[in-house]
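Peer 1: Provided below for reference: sequence and predicted model.
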Amino acid sequence: MITSARNARILHIRELFGQRKAREASGEFALEGVRLLEEALRSGWEARQVLYSAELSARGQELLAECRARGAEVEEAMPHALQAAADTENPQGILAVFARRELALPEQPDFVVVADGLRDPGNLGTLLRSAAAAGAQAALLAPGVADPFSPKVLRAGMGAHFRLALRAWNFAQIAAYLKPACRVLIAESGEGTACWQTDLRAPLALLVGGEAEGASPEARALADGYITIPMPGQSESLNAAVAAGVLLFEVVRQRALSA
């Protein structure tokens, strides 16, 4: 049993939660809570290490048995030690370390989302969650986007990371993958064709820029057009992740009608 908050495993997990450099150097990330661990295991990801405390629920205990069966190192920790490593005040009695993986990209992209300038972890995680729910094949993350495996993005993503192919690429790589297979449309507030009047059935990459500055010049150079959400109310714009959700499910709606 781990009793000290200075234990090497506790310190390693704390680093994974708190430092992007640590995540990139080790090729690992940490998550907390029963729900996220459940989503990861259900999607076929295998934990390397799992720490738990006596506070863990019966549902969590079942996951421990599954982790042990898959070869993970499972160890009990005192609640204060576990809390010292956690990113939130309530880690639900369980923390886990996973190796980062890259899910396969389709050779011929048909429905992809590109994030550009999304630095807010909650926005990025919500975008990934919506993209996975809408059936997007991949999310391409341009330079400057938040680390997808940071704890806040993982929590907001609610398991999307384990089902959606993610790539952190520069614009040359993004262009090489998308062109000429996909039309690239930038979501723009007040500019472009209304989404209801845009044919979204053909292979498509939807590019979502940051709320403060919008799409970058590099993104605009890649664009084949602009798409907007008509807003009859008094607001000038929507939250970036909310706008992306509306557009992603407009793609779903149009494709369902033509199926």
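Peer 2: Looks like it came in fine. Small disclaimer: the values here were computed from a predicted structure and weren't measured.
Peer 1: chain center to the longest helix seen in the chain, what's the gap?
Peer 2: Counting by DSSP state H, the longest helix found in the chain is helix 240-258. Here helix 240-258 is found 18 Å from its chain centre; the criterion is C-alpha atoms, centre = their mean, to the nearest Å.
Peer 1: Could you measure from the nearest residue to residue 29 once chain neighbours are set aside over to residue 167?
Peer 2: Spatial nearest neighbour of residue 29, chain neighbours left out: residue 149 (3.9 Å); criterion: C-beta to C-beta, 6 or more residues apart in numbering. C-beta here means a position set from N, CA and C on the backbone, and glycine is covered the same way. Distance, residue 149 to residue 167, by C-beta to C-beta, to the nearest Å: 13 Å.
Peer 1: can I assume residue 158 is in contact with residue 35?
Peer 2: Yes: if you go by C-beta atoms under 8 Å, residue 158 and residue 35 touch, sitting 7.5 Å apart.
Peer 1: what's the burial count for residue 172?
Peer 2: 9 (other C-beta atoms under 10 Å).
Peer 1: got it, and the one 10 residues further on?
Peer 2: Using other C-beta under 10 Å, residue 182 is surrounded by 20 other residues.
Peer 1: how about it, what does it touch?
Peer 2: Taking C-beta atoms under 8 Å, 6 or more residues apart in numbering, we find residue 182 in contact with 109, 110, 112, 203, 204, 205.
Peer 1: if you set the cut-off to 6 Å instead, what comes out?
Peer 2: 109, 203, 204, 205 (C-beta atoms under 6 Å, 6 or more residues apart in numbering).
Peer 1: helix/strand/coil for the last one?
Peer 2: For residue 205, the assignment made with DSSP: H, G, I helix; E, B strand; the rest coil gives strand.
Peer 1: now do the one 3 residues further on
Peer 2: The assignment at residue 208 comes out as strand when based on three-state DSSP.
Peer 1: Could you break this structure into its assigned domains?
Peer 2: 8-99, 111-258 (automatic domain parsing).
Peer 1: The spatially closest residue to residue 38 that is not a sequence neighbour: helix or strand, and which one exactly?
Peer 2: Using C-beta to C-beta, 6+ apart and skipping the chain neighbours, the partner closest in space to residue 38 is residue 63 (6.2 Å). In this assignment (DSSP states H and E), residue 63 forms part of helix 58-69.
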